[in-house]
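In: Here's my sequence, what's the structure:
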Amino acid sequence: MKKLFGVIGDPISHSMSPAMHNELFKIYNIDAHYQPFHVSRGNLNDAIKGFRAIGIAGFNITVPHKEAIIPLLDELDPLAEAIGAVNTVVNQEGKLIGCNTDGSGFVKGLLNQNQSINDKKVLIVGAGGAARAIYFTIAKEAPELLDICNRTPERAEQILNDCPFEVPSRVLNRQKAEESLETYDLIVQTTSIGMHPDIGQSPLSVHKLKPGAFVSDIIYNPLQTRLLKEAAVKGAGIQNGIDMFVYQGALAFEMWTGIGPDIERMRQKVLNQLGGLLC
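Out: This is a model prediction of the structure:
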């Protein structure tokens with residue numbers, strides 16, 4: 001019997017995950033299908049009941065459900081529990097286990113660009129769900145400094161307070177972050193600022209960017225945001241969100257199937273899919 005996997009979110013039509021995972025099922029001769037499900041906030045509980053009833057093998061979660069789904073699951077892995085958000089669910093003999101591959105996917109993508117974290121000074125821009133997962137995962141790798149810049153300081157403070165790993169860290173507003181930018185070896189942009197169609201926006205001025213710094217933006221449409229373009233002009237190394245997206249998906253696929261998939265095939269499939277959508 002064909003296994004069913006999927007992704008839930010609101011909206012969901014933009015997701016690259018179905019194309020990526022269905023390609024993998026074909027490559028590895030797995031009798032399965034990955035389906036996007038448009039689930040509004042008010043229908044989340046019913047959707048999970050339906051997944052239990054049909055025995056879905058696993059699924060991903062995107063905005064706005066990463067936190068709201070937690071009470072509806074049977075267990076959380078330690079990292080997802082610490083982060084307080086879930087992006088991957090594994091069905092283990094009827095038990096729905098919540099996991100989080102966002103932070104680990106980001107770090108793996110960073111390592112793929114020959115960028116280490118240990119002893120680096122890092123600035124994270126934003127304090128949403130992705131920022132929280134990335135902050136916790138980077139903190140575990142023992143950077144020298146891990147600061148957060150966010151418009152709402154309370155959300156950033158909450159991340160610092162909840163993190164189980166001790167790391168020197170401060171909450172900065174935009175002005176202070178821009179004034180201190182030459183401090184950082186690595187800047188990670190986690191907000192939606194600069195995403196299509198608002199491609200003229202940038203969350204941060206890079207005027208004081210440190211020579212040789214590395215700037216990573218988790219947005220992948222456009223492939224180069226205004227922030228990345230300006231950072232490149234300043235001589236920085238840059239990375240868009242394709243690496244994080246592909247690696248977090250690979251980790252989920254391995255959880256579901258036990259197979260470590262071909263990362264480059266996944267990357268090419270996503271780039272092909274994006275070809276007709278990029279601004």
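In: Would you map the strands across this structure?
Out: Counting by DSSP state E, the chain has strands at residues 3-9, 32-38, 58-61, 75-76, 88-92, 95-99, 121-125, 145-149, 171-172, 186-189, 214-217, 237-239.
In: Note down every partner strand of the second one and its orientation.
Out: Think strand 32-38. Using DSSP bridges, strand 32-38 pairs in its sheet with strand 3-9 (parallel).
In: tell me the angle the partner strand makes with strand 88-92.
Out: Angle, strand 3-9 to strand 88-92, by axes from the mean of the first three to the mean of the last three C-alpha atoms, to 10 degrees: 150 degrees.
In: any idea how far strand 3-9 is from the chain center?
Out: 18 Å (C-alpha atoms, centre = their mean, to the nearest Å).
In: Output it as PDB, restricted to C-alpha atoms.
Out: What follows is strand 3-9, C-alpha atoms only, in PDB (Å, rounded to 0.1, in the frame of the first residue of the first chain):
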ATOM      1  CA  LYS A   3       2.500   5.400   2.000                       C
ATOM      2  CA  LEU A   4       1.300   9.000   2.400                       C
ATOM      3  CA  PHE A   5       3.400  11.900   3.500                       C
ATOM      4  CA  GLY A   6       2.700  15.600   3.400                       C
ATOM      5  CA  VAL A   7       3.100  19.200   4.500                       C
ATOM      6  CA  ILE A   8       0.500  21.400   6.200                       C
ATOM      7  CA  GLY A   9       0.500  25.200   6.300                       C
END
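In: and this structure, what are its domains?
Out: 3-100+243-274, 103-240 (automatic domain parsing).
In: Could you dump those into CSV and include mean pLDDT and mean neighbour count?
Out: Any C-beta I mention is one placed from the backbone N, CA and C, and that applies to glycine too. Output for these, formatted as CSV (pLDDT from 0 to 100; neighbours: other C-beta atoms under 10 Å):
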stretch, mean pLDDT, mean neighbour count
domain 3-100+243-274, 95, 18
domain 103-240, 95, 19
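In: Select the longest helix from this structure.
Out: Ranked by residue count and defined by DSSP state H, the top helix of the chain is helix 242-257.
In: contacting residues for Ala80?
Out: Applying C-beta atoms under 8 Å, 6 or more residues apart in numbering, we find Ala80 in contact with Val86, Gly98, Cys99, Asn100.
In: Closest to Leu228 out of those residues?
Out: Distance to Leu228, by C-beta to C-beta, is smallest for Asn100 among the contacts of Ala80, at 25.3 Å.
In: Let me know whether the closest one touches Asn87 as I believe.
Out: Yes. Between Asn100 and Asn87 there is a contact at 5.5 Å, judged by C-beta atoms under 8 Å.
In: For the most centrally placed residue in the chain, give its distance to Ile54.
Out: Central residue of the chain (C-alpha atoms, centre = their mean): Asp102, 3.9 Å from the mean position. Asp102 sits 26 Å away from Ile54, going by C-beta to C-beta, to the nearest Å.
In: where exactly do the helices run in this protein?
Out: According to DSSP H, the helices that the chain contains are 17-27, 44-54, 78-83, 102-112, 129-140, 153-162, 174-179, 226-233, 242-257, 263-274.
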